[in-house]
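Here is a sequence together with a model predicted from it:
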Amino acid sequence: MRHIKFIITLCLFNIFILHSNNSYRGENAWLNYRFVEDSVLRNDYKTIIGKIFLSENKFGDVIKSELKISLIKLLGLEVYFTNNVEEAGLCIYIDKNVKCLRKEGFLIKSNDKKIILQSFSDEGLLYGVFYLIRKIQCHNSLKNLNLIEIPQIDLRMLNHWDDIDGNIERGYAGKSLWKWTELPEKIDKKYYDYARLNASIGINGVVLNNVNADPRFLRDDYLMKISALAEIFRKYNIRIYITANFASPIKPSKTPDEMKAWGGIGDLDTADPGNENVQIWWKKKIEEIYRLIPDFGGFLIKANSEGMPGPQDYNCSHADGANMLARLLKPYGGFILWRTFVYNKNVDNDRMKRSYKEFKPLDGQFEDNVILQTKNGPLDFQVIEPPQPLFGAMKHTNMAAELQITQEYTGHSTYLVYLLPLWKWFLRFDTYCEGKGSTISKILKGNLYGRNITAIAGVANTGSSVNWTEHHFAQANWFAYGKLAWNPDVLENSVTIEWIKCTWSNDIYCVETIKNMMCSTWKSFINASSPYGLGLTMDIPTHYRADFNIRANKEWQVDNIGIGNDRSDKGSNFVSQYYEPNSLIFNEIVTCPEDLLLSFHYVEWNYIMKSGNTLKDDFFYKLKSGIFQVKRNIYLWKSLEKYIDYVRYEDVLNSLICEKHDATRFYCDAVSFFYSRINMIDINQINKF
Ligand code: GCW
């Protein structure tokens, strides 16, 4: 009888496992704690971390709860916390002697029997615990560890482009996570999960709302809502920031819709940063914010850009505007993140030159709590574009890089495009601003110019989708961004493998195959949509597909002789914004890296490329690579069917099928454009796919 009961229980258990696997929809992202099947490994872990000592610290509750959730799922282990350091296998404590770990770092030492996780402050413990859990998720040994992890960038932020009405600008994963109509009374469980995911990869700041800032976010009712979120995020060492509309002190406009551009929430007729009443207005507003949110991070501001108000409306400079606010925030430890994304056409005919021309003369004029937040390239998050020359040029100003995690120009949530290779390529770029080896990574880490505060921002790709990012593989971009923000020099391969193991599977074939699928997607997306860095090729307004038709001879030149942008000293001379030897290298067609050839040069179709083929042949071959890539990915993904849970397998397969369909369509459109408008190739080149 007992025997039968046992068999029935086992069957039910199996059905439960099968069922839960079949219905898993990716909601845990990389905190997908799967049972460690290997019993030897599992017992190894269990013997060492069966008993845990955790010293008093402000993240104690979160740490305990994460250890409980993870260890029961990963190892079937009920965590036992002890006050006895001697008997504990895992000892987690603060040591005020290890100042070198700074505020958020940690060290881990272990032998066969004991693991010591130490930090100088509470924050380090939080990050150290997530690090250890990830080691188990990756099936790495916890024995004989001897490592130190210190974040290389101070402010590691996500920027949400979320609007007050719940929409997300350039968001492809549903509605905003922030339910403004329910807050502050109703707290969605997802806020906690979101904070957990971010803390687990070291994100410590979140800008809640769109840079196209609705001034109503600064109204007292919204500040109450924001402070409710701050209360949750604080538990995970995440500070809240808000984007502020520069015209906020002005009287409200007649209709709320007009508010963005024309009105504020105050009672003044001006937002002139030099005006005393304007300063008093901001002072009071900032006091009010800190009363509600004592650890408020500061404001992110988009000023005099794409119709947003700013100090230039009052004949003041960006520095005047940023400094006025920065001085008011300084006593509270707040920051101004001032965006350099400006492209006023009166400044220069070449859009690539505009931001540098506006900001370079202001170097040294900004307060020390102002950080200039600068997109990686001088255009606008293109799939590839030259690194923004302001990095390196601003020797006396805090500089943050703004990367785009949401795939505005890289296939939205339909295409699988892994962005880590792009970001690593950008960070490795040698600006030569202080001689050889002056990489952007060093600038961001503050090493080169000895900056006191360093920052990085990623435009978030999260939304209300069950799996946060809609495409399961888009979670990888969020994860990779966090790891990169922690350490810009982190190895690409290790991040990718870690993500795959934590998210999908530890099986070697599975890991290798998924990695294989991801790693060439950036290059193939460049080739299919913006070969040789042509830039600004995507359609308006969605930026989803390459539309060579509407952009031709507007954003770049094309005819039956050649294609590209002349930014050499014979053209717009954008090259001169770089330090030597970059300026010289980019200036000549023969020395310019081919990846960026068409960003800097107009090149004849019959020019012989490094491959030995003409530009024309290689260009058209490249256009096809989106199709090659996705066909290959479908083949690889299908080989993984038995390893992947049902819903996620089907979801990804369906996305790939969609991607293939779109890639084929866009290739045909591109080829027929060059045939019909430029009259340069045979229509027969449009193959049937
Ligand atoms: O190019 C543009 C995007 C806008 C975005 C802007 C910016 C939030 O298409 O959607 O606005 O960049 O970065 O400010």
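Sure thing, it's come through. Numbering: from 1, shown residues only.

C-alpha from now on. contacts and neighbour counts both.
Will do.

For the protein, list the residues in contact with the ligand, please.
For the chain, the residues in contact with the ligand (Cα under 6 Å from any ligand atom) are 169-170, 211-212, 380.

tell me the contacts of the nearest residue to Leu615 once chain neighbours are set aside?
Leaving aside its sequence neighbours, Leu615 sits nearest to Trp605 (Cα to Cα, 6 or more residues apart in numbering; 5.1 Å). Residues in contact with Trp605, defined by Cα atoms under 8 Å, 6 or more residues apart in numbering, are 560-563, 614-616.

one step back: how about CSV for the residues of the chain next to the ligand, with neighbour count and secondary structure added?
Output for these, formatted as CSV (neighbours: other Cα atoms under 10 Å; DSSP: H, G, I helix; E, B strand; the rest coil):
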residue, neighbour count, secondary structure
Glu169, 18, coil
Arg170, 19, coil
Val211, 24, coil
Asn212, 23, coil
Asp380, 18, coil
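
right, and out of the residues you listed, which lies closest to Arg156?
Val211 (17.2 Å; Cα to Cα).

surely the closest one meets Asn304?
No. The criterion here is Cα atoms under 8 Å, and Val211 misses it with Asn304 at 11.7 Å.

I'd like to know which elements the helix or strand Ala528 falls within is packed against.
Here Ala528 sits within helix 521-529, counting by DSSP states H and E. Counting by 3 or more Cα pairs under 8 Å, 6 or more residues apart in numbering; DSSP states H and E, the packing neighbours recorded for helix 521-529 are helix 615-623, helix 625-638.

export those to CSV and tack on mean neighbour count and mean pLDDT?
Formatted as CSV, these follow (neighbours: other Cα atoms under 10 Å; pLDDT from 0 to 100):
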stretch, mean neighbour count, mean pLDDT
helix 615-623, 19, 94
helix 625-638, 19, 96
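
distance between stretch 167-178 and the chain's centre?
With Cα atoms, centre = their mean, to the nearest Å as the basis, stretch 167-178 stands 15 Å off its chain's centre.

between the helix holding Ala528 and helix 615-623, how many degrees?
Interaxial angle of helix 521-529 relative to helix 615-623 (axes from the mean of the first three to the mean of the last three Cα atoms, to 10 degrees): 120 degrees.

Could I get the CA-only coordinates of helix 521-529 as PDB?
The C-alpha trace of helix 521-529 is given here as PDB (Å, rounded to 0.1, in the frame of the first residue of the first chain):
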ATOM      1  CA  THR A 521      23.700  39.000 -34.500                       C
ATOM      2  CA  TRP A 522      25.100  42.500 -34.000                       C
ATOM      3  CA  LYS A 523      27.300  42.200 -37.100                       C
ATOM      4  CA  SER A 524      24.600  40.700 -39.200                       C
ATOM      5  CA  PHE A 525      22.200  43.400 -38.200                       C
ATOM      6  CA  ILE A 526      24.800  46.100 -39.200                       C
ATOM      7  CA  ASN A 527      25.300  44.400 -42.500                       C
ATOM      8  CA  ALA A 528      21.600  44.100 -43.300                       C
ATOM      9  CA  SER A 529      20.600  47.600 -42.200                       C
END
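
Make residue 1 into 57 and carry on from there
I'll keep to 57 as the first residue from here, and by that count the last item is helix 577-585.

residues making contact with that helix?
Contacts for helix 577-585 (Cα under 8 Å, 6+ apart): 439-440, 466, 472-475, 477-478, 588-589, 593-594, 601-602, 675, 678-682, 685, 723.

now do 7 Å
With Cα atoms under 7 Å, 6 or more residues apart in numbering as the test, helix 577-585 has contacts from 439-440, 472-475, 477-478, 593, 602, 678-682, 685.

Now do it against helix 681-694, angle only.
Per the same axes, to 10 degrees, the angle that helix 577-585 makes with helix 681-694 is 140 degrees.

which one of the residues of the chain next to the ligand is nearest His195?
Using Cα to Cα, Arg226 comes nearest to His195 of these, at 36.8 Å.

And the pLDDT at the closest one?
For Arg226, the pLDDT comes out at 98.

try Lys316
Note on Lys316: pLDDT of 52.

all helices of the stretch 557-706 of the chain, in order?
Along the stretch 557-706 of the chain, counting by DSSP state H, counting those that start in this stretch, helices occupy 564-575, 577-585, 604-607, 638-643, 653-656, 671-679, 681-694, 702-732.

ok, now which ones touch the nearest residue to Asp486 once chain neighbours are set aside?
In space, and not counting its chain neighbours, Asp486 is closest to Thr495: 4.1 Å by Cα to Cα, 6+ apart. Neighbouring residues of Thr495 by Cα under 7 Å, 6+ apart: 483-487.
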